[in-house]
Structure formats: structure tokens, C-alpha cells
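A.B. asks: Make a model of this:
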Amino acid sequence: MDNTTIKDYLDSDQEVWDQEYKNKTWDYLADITEFSRYSIVYGYIRRYLGTNGILDMGCGTGILYDTLLDNEKEGFTGVDLSTEAIKLASQKAPANTFQVGNIMDYTPQKQYDIIVFNESLHYVTNTPKVLLSYSNHLTSNGVIISSLYSHKNINDPAYTIIENKIAEMENSPDFEVLDKVSLFNHQAGLKWYIHLMKRKDVNS
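C.D. replies: Below is the predicted model:
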């Protein structure tokens, strides 16, 4: 009998991230091929943003922040594991807007209208538990936006991990999926799943 345990997350190492940001490995995230994905995320933000701001978990160098209008940046917090990414992001915003933190143990310091997991849920274990924990820091009408890249090779373990995470989110008894978009960029051959979710009323 095969007792091999299949991981439900991708490995994430701060030193590796820092080196990759130094090497500009992730600069392509600001390219036009990523624009459509950010446009969908931003569209949800425009619909649901109130006065309590956005928490961007896995913010990188602040690309999502760059898409926002000045008034939409009020109350924004960006968190990333990479110190190098946060150094770059912090150059474009007031002090403490961007913070170094681990998605698995970071504790938000206030309530937000929107929490964005932009290509970051790949790196968490027990996705429903993580989402439930973060949802405690949403306003009563707050929403979660998740973007997950779908790997091209269906035999890649990462492909299975992402598909399983999507199933976990969509089948969670704690969340309602308000919208789901499957986005395919024909020019680059890239596909993403973008979910808009709201925590169900605990009293219902």
C-alpha cells in the first residue's frame, strides 16, 4: 500500500524569494500578459471597496497597488514573505503600507473591505482554514478575491494542488462563491481561476 502523503501546498522559502526578486525573476508580472488578470481583480475591487481598505496577501512589489486610484489606496496593506519585494514596494507608498509577513501566521491589525490572495494560496496548507481565519478580519459585507494560476502540464503536481484548492474553496460550507472566472491568455498560453467569495452568515 502506498502511504505517500500528497502535499496540499507548494514550498515557499524566503531566501529563494529574495534572490528571485533580486534577479528580477518576477518582473514579468508587470507585463501586458498579466494585465487581464489584474483587470478582473480590480473590477471586483471597484464593486466592493468601502472605507476600510484592501489587504493584499502576497503583494510582491505592489503591482495591484499600482492599479488603484489614489483614493482607493487609503487603508491599503500589502504583505509579502520577501523582504526584497517589500523594499521595492515600499518606495511607492507611505511608511508601513507594505509589510514583511508569512501568510500562514500573519495577523491583520484591522478589518478590511477586501482581502486579496493574488497567486498566494498556492503556498498555504489547509486552504479553507486559512480563508476562514482571514475572514474574521473582514467587514460585515467584506469579500475575498483569489487568483490561482493553472499549470499547463496536468502531470505536474502543482496542477493537482491548484485543482484541489479550487475544489476546497468551492465546496467550503463557510463561503459562498459570488463569482468565478476562468481566464485564458491566448498570446501567452496562460490560464487562471479567479474567485470572488463571501463568508456565509454564521447565524444562518
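A.B. asks: Report the secondary structure element holding the residue positioned nearest the centre of the chain.
C.D. replies: Central residue of the chain (C-alpha atoms, centre = their mean): residue 117, 1.5 Å from the mean position. Residue 117 is part of strand 112-118, with elements assigned from DSSP states H and E.
A.B. asks: In which helix or strand does residue 139 reside?
C.D. replies: strand 138-150.
A.B. asks: ok, back up a step: beta partners for the residue nearest to the centre of the chain?
C.D. replies: residue 57, residue 146 (DSSP bridges).
A.B. asks: List the residues that contact it.
C.D. replies: 57-58, 103, 144-147 (C-beta atoms under 8 Å, 6 or more residues apart in numbering). All C-beta spots, glycine's among them, are computed from the backbone N, C-alpha and C.
A.B. asks: gap between it and residue 78?
C.D. replies: Here residue 117 is placed at a distance of 12 Å from residue 78 (C-beta to C-beta, to the nearest Å).
A.B. asks: now residue 16
C.D. replies: In terms of C-beta to C-beta, residue 16 sits 20 Å off from residue 78.
A.B. asks: Settle it for me: which of these two has more neighbours?
C.D. replies: residue 78 (27 against 13; other C-beta atoms under 10 Å).
A.B. asks: Is it correct that the more buried one falls within a strand?
C.D. replies: Yes - Residue 78 sits within a strand when classified using DSSP: H, G, I helix; E, B strand; the rest coil.
A.B. asks: got a list of what it touches?
C.D. replies: 56, 59, 62, 64-65, 86, 89, 93, 97-99.
A.B. asks: Please give the element, helix or strand, for the nearest residue to residue 149 once chain neighbours are set aside.
C.D. replies: Counting by C-beta to C-beta, 6 or more residues apart in numbering, residue 192 is the residue found nearest to residue 149 once chain neighbours are left out, at 5.5 Å. With secondary structure defined by DSSP H and E, residue 192 is part of strand 190-199.
A.B. asks: any idea of the angle that strand forms with strand 138-150?
C.D. replies: Put simply, strand 190-199 runs at 160 degrees to strand 138-150, going by axes from the mean of the first three to the mean of the last three C-alpha atoms, to 10 degrees.
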